[in-house]
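A.B. asks: coordinates only, no sequence provided:
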């Protein structure tokens, strides 16, 4: 049982390049989330998908887009990367109506130069 | 609005007890969580408590909830060097709400 899988684990981009961070879960969870983690800032929600077919903005959505490809997969896209997007990105998932909290992936460390 | 506050840093000696504190602002919070993040890893759920409970114990971990003061604490007994990590407090209004996380408390355990 893999849980939440994120790819890639590390990435270096040049300013202006684009890339997509991939996330997949095998727990039949309905809801999926993208967070970024920066020193001193804790976790900040970028986008989330409460269920397949829906997506909503979180606290810091600017510069990002998401796609809920199916129930298992939720991708995060940076169209034109900026140094301010250097961060560690975490994907998480949970069961709608559940109380077990989120299951997190191991993260993608992104550096934009 | 929702807000979760934690102290940023705690240092203890191996074998001592650690107490990590958290305060939250929304009295409607139904579920409260503690997560652990080891270096280079994702967040791992340690334990959770419902708002209708005052205390929950799980091996070396004790969670205390004071609803009146909106204060949550995590006590780790006999702290080990492997407990060194960042600990996040989080709250949720319901099973249909997003979690709100604190900024995390870095626990450093010295031999």
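C.D. replies: Alright, I've got the coordinates. Since the structure is predicted, the reported quantities are computational estimates derived from the model, not experimental observations.
A.B. asks: only C-alpha atoms for contact and neighbour calcs from this point on.
C.D. replies: Fine.
A.B. asks: quick one: contacts for residue B:28?
C.D. replies: residue B:93 (C-alpha atoms under 8 Å, 6 or more residues apart in numbering or on different chains).
A.B. asks: now residue B:103
C.D. replies: The neighbours of residue B:103, taking C-alpha under 8 Å, 6+ apart as the test, are A:40, A:41, A:42, A:43, B:4, B:5, B:6, B:8, B:88.
A.B. asks: rerun that using 7 Å as the cut-off
C.D. replies: Contact analysis of residue B:103 by C-alpha atoms under 7 Å, 6 or more residues apart in numbering or on different chains lists A:40, A:41, A:42, A:43, B:6, B:88.
A.B. asks: I'd like to know which elements the lowest-mean-pLDDT helix or strand in chain B is packed against.
C.D. replies: Considering only helices and strands, the least confidently modelled element of chain B by mean pLDDT, DSSP states H and E is strand B:100-101, at a mean of 90. Using 3 or more C-alpha pairs under 7 Å, 6 or more residues apart in numbering or on different chains; DSSP states H and E as the contact definition, the elements that strand B:100-101 packs against are strand B:85-92.
A.B. asks: how about residue B:32, nearest residue that isn't a chain neighbour?
C.D. replies: Leaving aside its sequence neighbours, residue B:32 sits nearest to residue B:91 (C-alpha to C-alpha, 6 or more residues apart in numbering or on different chains; 4.5 Å).
A.B. asks: also residue A:45?
C.D. replies: Closest residue to residue A:45 in three dimensions, ignoring its sequence neighbours and counting by C-alpha to C-alpha, 6+ apart: residue A:35, at 4.5 Å.
A.B. asks: for the one you found, give the beta-bridge partners.
C.D. replies: Bridge pairing for residue A:35 (DSSP bridges) gives the partners residue A:45, residue A:90.
A.B. asks: pLDDT at it, what is it?
C.D. replies: Here the pLDDT value assigned to residue A:35 is 96.
A.B. asks: then residue A:98?
C.D. replies: Turning to residue A:98, the model gives it a pLDDT of 74.
A.B. asks: what do you get for the one 10 residues further on?
C.D. replies: According to the per-residue confidence, residue A:108 scores 97 in pLDDT.
A.B. asks: same question, residue A:1
C.D. replies: Looking at residue A:1 specifically, the model assigns a pLDDT of 64.
A.B. asks: the one 5 residues further on now?
C.D. replies: Reported pLDDT at residue A:6 in the predicted model: 97.
A.B. asks: and for the one 10 residues further on?
C.D. replies: As predicted, residue A:16 sits at a pLDDT of 97.
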